[in-house]
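1. Output the structure for:
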Amino acid sequence: MTTAPQALVLRAREAVARGDVAQAATALQEIIKIDLGADWAFNDLIRLLYQHGHGANAEQVARMALRANPRNAEAHDLFGTILSELNDLPAGEWHFRRALELGGEQAAVLSNLALNLMQQGRTEEAEASYARADHIAPNDWRTLAHWARLCEVRGDLPQAEKLLERARTLAPSPEDVKLLQAIYLGRVHRTDEALALLESTPQPGGQAQLERGRLYDIRGNHARAWQDFVEAKQKLARTGGFQYSAAAVEEFFGAMKHFFTRAQVELLPRAEARADVRQPIFIMGFPRSGTTLIEQVLCSHSGVVAGGELPFVGDLRKLALLLLPSEETFPEHLSQTWTADNRYIATLFRDYYLARAQQAGLLREGGRYFTDKWPFNEIYLPLVKMAFPDARIIRLVRHPLDVCVSMLSNNVAHGFYCGYRIEDIVHHLAAVHDLVEHYRREMHLEELVLKYESFVADPSTHTRMLLEYLGLPFEEGCLRFHENRRYAPTPSYVQVMQKVTDRSVGRFRHYSSQLRAHAPRLANLIATYGYDPL
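-> Numbers count the residues shown, from 1 in each chain. Purely as a prediction, here's the structure:
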């Protein structure tokens, strides 16, 4: 029992019950100050902050909770959820398993673990975890609904339908499973039924309205589709507390260009290659530019393992700040590596990255490479080249206006939350392109640039070119990548399970009136890669 005054405890619980976030947070924080052993107060505060869009604060409290009591099973589960949302899936998995170890098997934790495993592409393990959760709590509609999604992405559509029906009969309201039903119906090409289901909701949530917009797009109602994309993204940004700062991006990118000049890059240390482990292939490019497709092609080769979206490169910035404390900020403080006593930093970058890859199970025996396609990794290209001077870098480019439409029509949280307004998408694509062009002038990248449109027009030629760049022998399976049953945990998962088509090439022309005011900002990018302007 907590040592905090009962009146304070009662105030906190009443505030939580009525949804008074500010008062509840204040009372819970007071309780924690009085009693660091009040696990329940930590857990309630983490949950409260996370559910109301304060993810960064929730993460800080979760870390405090686990320092105060490393055996707090519920805090491990909550922290696992936060880390999974941040796409640090291996770390999230560890905390879910720790929660099960400390608190015993609980259906909710098993379901959270299953979702994490599914996002890592480990669908068989996820299936077992969902089955165990259902065995423990067979009437939990949430478990059934998420399990149905797993069956859908694995292609077991009859089982997905059965699970969704069970979930529908158990859910407090049909609205609770309507979105997942619509996604399933869309998957089996029952578009009209899916659309009717979502149209029957007068005030859909952000995800539901985004799905409805995609269905309107399929049906050719592009004006309604765009309206839904814009309104859905506004809802999602508001709920999550996501806001893009163009000024902050300009300042940060300006600092990167100022520091990483040819003269200064040549002074940075570089790690030696490790021949004892698999090496990363960095698949870079804007979100929705074809990176998932290329990863699926490559991981159909016996010499390549799929890593997916790995957040390790961005972590090198945080590591640099820890290793090189200074009044200067990143990246200026990297000038400390120009002296002999700090040149080991590049080796630590390499080994940190590989240690995280090992934790994710990517360094097991067999194969030469694993893939890393974290969006916007190109921002940190100088750090990549410090850790892996001979890194294989494949840069995907796609018509930027097609990228804009696809980013707006999908829930893309990468890129400093640029994906929630078309103005911010355009600004960020132009800013990243400008930064990358700076790097290409100032550094020896030795990258392979591949246009999405060229690949889908002639996959055989370009697959051979990819493998030659990587020093891998040609394997026929790379041309049959759609037969690879691996689940690619991105919005592209359905497309990469099908043969290559060009149906999404030039999609932006359906939205020319909505894009016309924004296209000039992308003129340099469009011209660089020889695309047709709007």
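2. can you give me the strands in the stretch 251-400 of the chain?
-> Listed from the start of the chain, the stretch 251-400 of the chain has strands (DSSP state E, counting those that start in this stretch) covering 279-284, 304-305, 369-372, 392-397.
3. neighbours of the closest residue to residue 470 other than its chain neighbours, just the number please.
-> Across the structure, with C-beta to C-beta, 6 or more residues apart in numbering as the measure, the residue nearest residue 470 apart from its sequence neighbours is residue 392 (5.7 Å). (Each C-beta comes from the backbone N, C-alpha and C, glycine too.) As a burial measure, the neighbour count of residue 392 was computed by other C-beta atoms under 10 Å and equals 20.
4. ditto for residue 354
-> Using other C-beta under 10 Å: residue 354 sits among 21 other residues.
5. mind checking how far it is from residue 418?
-> Using C-beta to C-beta, to the nearest Å, one gets 30 Å for the distance from residue 354 to residue 418.
6. Kindly report the same for residue 216.
-> 24 Å.
7. One more: residue 359?
-> Distance, residue 359 to residue 418, using C-beta to C-beta: 29 Å.
8. Neighbour count: the two, which is higher?
-> A side-by-side neighbour count of residue 359 and residue 418, using other C-beta under 10 Å, places residue 418 first with 26 against 14.
9. pretty sure the more buried one is in a helix, no?
-> Yes: under DSSP: H, G, I helix; E, B strand; the rest coil, residue 418 sits within a helix.
10. confidence score at the residue most central in space within the chain?
-> Against the mean C-alpha coordinate of the chain, by C-alpha atoms, centre = their mean, the closest residue is residue 87 at 5.1 Å. pLDDT, residue 87: 81.
11. now do the same end-to-end measure for stretch 306-326.
-> Start-to-end span of stretch 306-326 (C-alpha to C-alpha, to the nearest Å) is 37 Å.
12. in it, what's buried?
-> Of the residues in stretch 306-326, those scored as buried under the neighbour-count criterion (16 or more other C-beta atoms under 10 Å) are 306-313, 315-316, 319-320, 323-324.
13. swap in stretch 444-456?
-> Those buried within stretch 444-456 under the rule 16+ other C-beta under 10 Å are 445, 447, 448, 450, 451, 452, 453, 455, 456.
14. do stretch 70-80 as well
-> With the criterion 16+ other C-beta under 10 Å, stretch 70-80 contains buried residues 72, 73, 74, 75, 76, 77, 78, 79, 80.
15. same thing with stretch 363-379?
-> Counting neighbours by 16+ other C-beta under 10 Å, one finds that the buried residues in stretch 363-379 are 363, 367-379.
16. Just give me the closest of those to residue 66.
-> Out of the buried residues of stretch 363-379, the one with the shortest distance to residue 66 is residue 374. That distance is 25.6 Å, counting by C-beta to C-beta.
17. I'd like to know the phi and psi angles of the closest one, please.
-> Reported as degrees, to the nearest 10, the phi and psi values for residue 374 are phi -60, psi 130.
18. excluding its backbone neighbours, what's nearest it?
-> Going by C-beta to C-beta, 6+ apart, residue 374 has residue 309 as its nearest residue, at 4.8 Å.
19. phi, psi of the one you found?
-> Given degrees, to the nearest 10, the pair of backbone angles that residue 309 has is phi -90, psi 100.
20. from memory it sits against residue 376, does it?
-> No: taking contacts as C-beta atoms under 8 Å, residue 309 lies outside contact range of residue 376: 10.6 Å.
21. thinking again about what came up before, ok but the residue nearest to the centre of the chain is inside a strand, no?
-> No: residue assignment for residue 87, taken from three-state DSSP, gives coil, which places it outside any strand.
22. And it, how far from residue 26?
-> From residue 87 to residue 26 the distance is 31 Å (C-beta to C-beta).
23. Pull up the gap between the closest residue to residue 329 other than its chain neighbours and residue 331, please.
-> If the residues on either side of it in the chain are set aside, residue 329 comes closest to residue 255, at 7.6 Å by C-beta to C-beta, 6+ apart. Distance check for residue 255 against residue 331: by C-beta to C-beta, it reads 6 Å.
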